[in-house]
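1. Here is a sequence with its predicted model. Questions after.
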Amino acid sequence: MNFNPTPAISFEGLTKEYDGVAANDDLSFEVKKGEIFGYLGPNGAGKTTTIRQLLGLIKPTSGTAKVLGANIRDRRDLIKIKSEIGYLPDTLGFEERLTGNQILNYFARMRGDERRDELLELFPPPLDKRIETYSSGNLRMLGIIQAFMHNPNLVIMDEPTAGLDPLKQDRLHHFLEGERESGKTIFFSSHILSEVQRICDRVGIIRSGKLVDLDNVEDLLARGGKKVRIYIKRHIDKEEFITKDMIDFKCVDKTIHFTYTGRPDKLLKYLSKFEVEDVEIGDPQLDEIFKHYYGNSS
């Protein structure tokens, strides 16, 4: 994947405090144009606070960020690029007395709707019904349409698949991949690790307001080591078997599970010392790496 070297978003020491507690703490990184960037963390980690600052909805305590070249501290600067941004919030606060059509017409008057029909074929909510009758899935589909129908260059999404059934989730993932291929930038926050692993080019992991890791998904997985399962003929003591390259070690009867952080060839040579009947070596999933930052609470 070749990305435009000019960043779509650049964070420059972005900090937001509430009563002396940092919801975002000195965030400094870039989101490239033409990538799908996953902003990863559990609820309460500071993801939504970051997004609200990017959109100019709340002001930073210190530091700043630039969105498509516009400084978020300059309201006039943000207004100039507003039509180039789409936004899907985690909570969709549409007026409940209006119909879906009325909602889309409202946004169309403000920003345009050149892709409205295309999006309605993919994500079809009941447009003639009032919002108060909508399921969470229909609300989310309406939100997706309003975020993309004016054909923005950057779309910021907060928990984008919340409420969608598995078929619609899959459809959204394919759609986002197509948007990336056309050069669009997608920045989305999520705590659903499987979707981040599936479609993101890079991931930023946030914990207690701080960015604790930033990497390509493939490199992040590679750094996570290899998942290993071994079946051994005789019972052995943990102290007899374990090495410094083994973490998350578990032994049940004669079956051993661990994550290996060294070289696979070194592991195979080591295992030749034992009566191994079967061995499986595979890549970890992102949720297993995530536990190193959050423990089992993820």
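-> Yep, that arrived. Predicted, not measured: the structure shown is a model, and the values here were computed from it.

2. does residue 178 sit in a helix, a strand or a coil?
-> helix (DSSP: H, G, I helix; E, B strand; the rest coil).

3. distance of it from residue 159?
-> Remark: distance between residue 178 and residue 159 (CB to CB, to the nearest Å) = 21 Å. Just so you know, the C-beta spots here come from the backbone N, C-alpha and C atoms, and that holds for glycine as well.

4. The two: who's more crowded?
-> residue 159 (19 against 10; other CB atoms under 10 Å).

5. Just the pLDDT at residue 288, thanks.
-> Residue 288 is assigned 68 on the pLDDT scale.

6. Over to residue 226?
-> You'll see residue 226 listed with a pLDDT of 80.

7. what's the answer for the one 3 residues further on, then?
-> Residue 229 is assigned a pLDDT of 90 by the prediction.

8. can I see the domain layout of the chain?
-> 4-221, 226-282 (automatic domain parsing).

9. Tell me how far the host helix or strand of residue 146 lies from the chain's centre.
-> In this structure, residue 146 sits in helix 136-148 according to DSSP states H and E. Relative to the chain's own centre, helix 136-148 is displaced by 18 Å; criterion: CA atoms, centre = their mean, to the nearest Å.

10. for that helix, packing partners?
-> In terms of contacts (3 or more CB pairs under 8 Å, 6 or more residues apart in numbering; DSSP states H and E), helix 136-148 is packed against strand 85-88, helix 100-111, helix 116-122, strand 154-158, helix 166-181.

11. can you rerun that using 6 Å?
-> Contacts defined by 3 or more CB pairs under 6 Å, 6 or more residues apart in numbering; DSSP states H and E place helix 136-148 against strand 85-88.

12. Now the strand it packs on - C-alpha only, PDB.
-> The C-alpha trace of strand 85-88 is given here as PDB (Å, rounded to 0.1, in the frame of the first residue of the first chain):
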ATOM      1  CA  ILE A  85     -14.700  15.500   6.500                       C
ATOM      2  CA  GLY A  86     -17.400  12.900   7.300                       C
ATOM      3  CA  TYR A  87     -18.200  12.000  10.900                       C
ATOM      4  CA  LEU A  88     -19.900   9.000  12.400                       C
END
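
13. Note down every partner strand of it and its orientation.
-> Take DSSP bridges as the rule and strand 85-88 pairs in its sheet with strand 154-158 (parallel).

14. pLDDT averaged over the partner strand, what's the number?
-> 96.

15. shaky segments in this structure?
-> 1-5, 224, 284-285, 287-288, 292, 295-298 (pLDDT under 70).

16. Need the residue closest to the centroid of it.
-> residue 38 (2.9 Å; CA atoms, centre = their mean).

17. farthest residue from the center of the protein?
-> residue 234 (43.5 Å).

18. Just give the number of residues close to residue 263.
-> Neighbour count of residue 263, defined by other CB under 10 Å: 11.

19. Identify each buried residue in stretch 218-236, please.
-> 220, 221, 224, 225, 226, 227, 228, 230, 232 (16 or more other CB atoms under 10 Å).
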